[in-house]
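A.B. asks: Got a predicted structure here, sequence first:
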Amino acid sequence: MTTPTYTDFYTLLPYLILTVWACVLLLVDLFIPVGRKGITAFLAALGIAVTLGFSITQIGAESVGFSSMVALDGFSTFANILLLSSGLFGIALAYGYTQRFNMVRGEYYILLLFSVSGMMLMAQANDLIIVFLALELLSIPLYVLSAISRKLTSEESGVKYFLLGAFASGFVVYGTALIFGATGSTNLAAIFAQAAAGVTSGLLLTIGAALLLVGFGFKVAAAPFHMWTPDVYQGAPTSVTAFMAAGAKIAGFVALFRVFATAFPSLAPELTTILWALSAVTMILGNLTAISQTNIKRMLAYSAIAHAGYILMAFVPYGNAKVAPTAIAAGLFYLVAYAVSNFGSWGVVIALEKAEGKGLEIEDYAGLAKKYPALAAAMTVFMLSLIGFPPTLGMVGKFYLFRSALAGGFPGLALIGLVTSLLSAYYYLRVVVNMYMKEGDPEIEREPWLALTTGFTAIATVVVSFVPQFLFMLAYTAVMR
Amino acid sequence: MTGAQIIFIVVALYTLGSALMVVTTRNLIHAALWLVSTLFGVAVTYALMNANFIAVVQVVVYIGAIAILFIFAVMLTRKDMRDSGPQMNKNWWLGALVAVLVFAGLAFMLSGWSGFSKVAADLPSGFDSVSLLGEALVSPQAYVLPFEVASVLLLAALVGAVYVAFNRK
């Protein structure tokens, strides 16, 4: 019997800090009076900020811990920083929103912390057991958060998400079991070694990997596993939707990449075709369905599906050692671009949302530019970024993605991406047209944290797009380890 | 035929018979009780295979908690305990066909496996599966991390479940 070493703890340090903080906050929250739950929000944000600080000190560090069940490398640190920032934005958006809609609960922030910790563990997971546990740790708080406002739509959203999510988790467990049966291990590196040695049953391994792909496909809302997305995104409180759309997507993609690139390079010939088809179907379906939406939350939900397709594009050449690092770095870059535009656009939606689900139709944005020019300008930036129009982060991200698809030898996929991006201009620009060219008298909520988030993300979307090389190099170094 | 084999056959028949009763009996409470009996048969099978710890867990978790939970759920959600609806719908033959096909397929696959016709070696004397399992769960070389993460996961699920179930109106 031995004790965990310093390396074990150091590898998992950000996750451990956040988990302990969440558990302590659970107790502290009991002593915070009902009217002053803002303190819980502040403490939760402080916990994330402290963890973020430690995560930043880990840039460049590499280690494995707990008999290589978790790994710390550039990739996981990049993902951790991105996830923790998402958590901060999630709290900033929730602070005013929960007060306005009378759903101030300390549990909100605690569950959010647990969810972020699950996402971080997912980014560091180097063993399928940990992948599964992390997946549950990030999902279960999200199910509850979806149902946290006691409205019927919110509860429906929570139940739908829970049932379909549990179903998807079943696929992950089954896939893990088959992979264990084929290789005798759940450790990603050991699975790769077994597969490379050729002692495994190839069929079992392939089926197992495909089942894992189904489970992750559900989490990142890729077609054809996307059915839950519009209903859940629409029914859940908007602040939860914003966090869920960014966080779950980042965690799902990061884990997908680590699992597939570490354990299944030998399956690349089969899986590349599957990933190609998934990516294409997701882009086409998401964008086509978004066109007919009139509700902004549903439209952004279909847009989230479409963007899962674009990010999947980065995974298609994962077996090609020459192209994969650039492609994955492009995927990471796009995740950052998407997360920033995502939080900004959901922030604007929150600003315009009224009680009883009013203020959520695209028509409600008519006249916004005349009355609140700054907010309309910010929304325009986010819409342009989601289309992939210069000068925004989304445009640079799409450029990197399409370039890596071409370099990987998938011009068809890049073409589909380009055409669907043009298509998407129709429904994104409809919001802009409503804001600038139609008459209306919208009312917005003025909340400092909301304004800060929206303003910050809008400025970041534009400014970083002029120096994208800096962010891309960060992503590239992270992937190269 | 050795004594152990005879006991195994008796237990297997008993388990299968109970399982058949679970799906055919008309009364829901009786079905739940037959399920308890089935799970007990499985526990005895584990014990016959020297998996004593799993046998105990089977009794404690499946019979002690899950089956009892079934009975509670039935009692709390049904007004009338005497459920008299038919247990079979018109697709029963399809289900039976799929079950037989899966069984045949698995039996065929397993018959080709070397372990199927081989008698397992005896465990070394002094082999203590419980302490090995316990050590594996708390050893950093084995499964301490999944073990601890699972407890955090359960805590999060507990907070969530209490929040959802607790009506604060």
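C.D. replies: Cool, the structure landed. Residues are numbered from 1 along each chain as shown, chains lettered A, B, ... in the order given.
A.B. asks: Tell me the helix or strand right after the strand or helix carrying residue A:8.
C.D. replies: Under the criterion of DSSP states H and E, residue A:8 resides in helix A:6-11. Moving toward the C-terminus from helix A:6-11, the next helix or strand (DSSP H and E) is helix A:13-28.
A.B. asks: tell me the strands in chain B, going along the chain?
C.D. replies: Using DSSP state E, no strands are found in chain B.
A.B. asks: what's the spacing between residue A:209 and residue A:227?
C.D. replies: Residue A:209 is 23 Å from residue A:227, where distance means Cβ to Cβ, to the nearest Å. C-betas here are computed from N, CA, C, even on glycine.
A.B. asks: Tell me which of these two has more neighbours.
C.D. replies: Set residue A:209 next to residue A:227 and count neighbours by other Cβ atoms under 10 Å in any protein chain shown: residue A:209 wins out with 24 against 14.
A.B. asks: Run a quick neighbour tally on the nearest residue to that one once chain neighbours are set aside.
C.D. replies: Distances taken as Cβ to Cβ, 6 or more residues apart in numbering or on different chains put residue A:264 closest to residue A:209, at 5.1 Å, once the chain neighbours are dropped. Using other Cβ under 10 Å as the criterion, residue A:264 is surrounded by 24 other residues.
A.B. asks: show me the contacts for the residue of chain B found nearest chain A.
C.D. replies: At 3.4 Å from chain A, residue B:160 is the closest residue in chain B, using Cβ to the nearest Cβ. Going by Cβ atoms under 8 Å, 6 or more residues apart in numbering or on different chains, residue B:160 touches A:107, A:111, A:140, A:141, A:143, A:144.
A.B. asks: which parts of chain B sit against chain A?
C.D. replies: By Cβ under 8 Å from any Cβ of the partner chain, the residues of chain B that approach chain A are B:135, B:138-146, B:149-150, B:152-153, B:155-157, B:159-161, B:163-164, B:169.
A.B. asks: Quick one, which of these are buried?
C.D. replies: The neighbour-count test (16 or more other Cβ atoms under 10 Å in any protein chain shown) applied to the residues of chain B next to chain A identifies B:139-140, B:142-146, B:149-150, B:152-153, B:155-157, B:159-160, B:163-164 as buried.
A.B. asks: these two touch, right, residue A:186 and residue A:127?
C.D. replies: Yes - the pair residue A:186 / residue A:127 is scored as a contact, 5.3 Å apart, by Cβ atoms under 8 Å.
A.B. asks: who's more crowded, the two?
C.D. replies: When neighbours are counted by other Cβ under 10 Å, residue A:127 comes out ahead of the other of residue A:186 and residue A:127, with 27 against 21.
A.B. asks: Does the more buried one touch residue A:188 like I think?
C.D. replies: Yes - at 6.6 Å, residue A:127 and residue A:188 qualify as touching, with contact defined as Cβ under 8 Å.
A.B. asks: Next, count neighbours for the residue of the stretch 51-200 of chain A found nearest chain B.
C.D. replies: In the stretch 51-200 of chain A, the residue found nearest to chain B is residue A:144; the distance is 3.4 Å by Cβ to the nearest Cβ. Here the number of neighbours of residue A:144 (other Cβ under 10 Å) works out to 26.
A.B. asks: Residue A:64 in helix, strand or coil?
C.D. replies: Reducing the assignment at residue A:64 to three states with DSSP: H, G, I helix; E, B strand; the rest coil gives strand.
A.B. asks: Report how many residues lie close to it.
C.D. replies: Residue A:64 sits with 17 neighbouring residues when counted by other Cβ under 10 Å.
A.B. asks: Give the full set of residues in contact with it.
C.D. replies: The contact partners of residue A:64, taken as Cβ under 8 Å, 6+ apart, are A:7, A:11, A:70, A:71, A:72, A:126.
A.B. asks: quick one: the last one from residue A:71, how far?
C.D. replies: Between residue A:126 and residue A:71 the computed distance is 4 Å (Cβ to Cβ).
A.B. asks: Chain neighbours aside, what residue packs nearest to residue A:394?
C.D. replies: Closest to residue A:394 by Cβ to Cβ, 6+ apart is residue A:385, at 3.4 Å.
A.B. asks: could you give the mean pLDDT of the helix or strand harbouring residue A:80?
C.D. replies: Using DSSP H and E, residue A:80 sits within helix A:74-100. The pLDDT scores in helix A:74-100 average 93.
A.B. asks: Remind me what the longest helix that chain A contains packs against, helices and strands.
C.D. replies: As assigned by DSSP state H, the longest helix anywhere in chain A is helix A:152-183. The helices and strands touching helix A:152-183, judged by 3 or more Cβ pairs under 8 Å, 6 or more residues apart in numbering or on different chains; DSSP states H and E, are helix A:128-146, helix A:188-197, helix A:202-219, helix A:228-235.
A.B. asks: Nearest to residue A:327, out of the ones you listed?
C.D. replies: Among these, helix A:202-219 comes nearest to residue A:327, with 17.2 Å by Cβ to Cβ.
A.B. asks: Show the buried residues in the contacts of residue A:64.
C.D. replies: Among the contacts of residue A:64, those classed as buried by neighbour count (16+ other Cβ under 10 Å) are A:11, A:70, A:71, A:72, A:126.
A.B. asks: Go back to those residues and keep what's next to chain B.
C.D. replies: Restricting the buried ones among the contacts of residue A:64 to those adjacent to chain B (criterion: Cβ under 8 Å from any Cβ) gives residue A:70.
A.B. asks: Tell me which of the buried ones among the contacts of residue A:64 fall in strands.
C.D. replies: Under the assignment DSSP E, these contribute A:70, A:71, A:72 to strands.
A.B. asks: For the residue most central in space within chain A, which non-adjacent residue is closest in space?
C.D. replies: Computing the C-alpha centroid of chain A and ranking residues by Cα atoms, centre = their mean puts residue A:249 first, at 2.5 Å. Leaving out its chain neighbours, the residue that sits closest to residue A:249 by Cβ to Cβ, 6+ apart is residue A:220, at 5.2 Å.
A.B. asks: Would you mark the buried spots in stretch A:245-265?
C.D. replies: By 16+ other Cβ under 10 Å, the buried positions in stretch A:245-265 come out as A:245-261, A:263-265.
A.B. asks: ok, now which ones touch the residue of the stretch 51-200 of chain A closest to chain B?
C.D. replies: Taking Cβ under 8 Å, 6+ apart, we find residue A:144 in contact with A:107, A:111, A:158, B:159, B:160, B:161, B:163, B:164.
A.B. asks: Cool, thanks, signing off.
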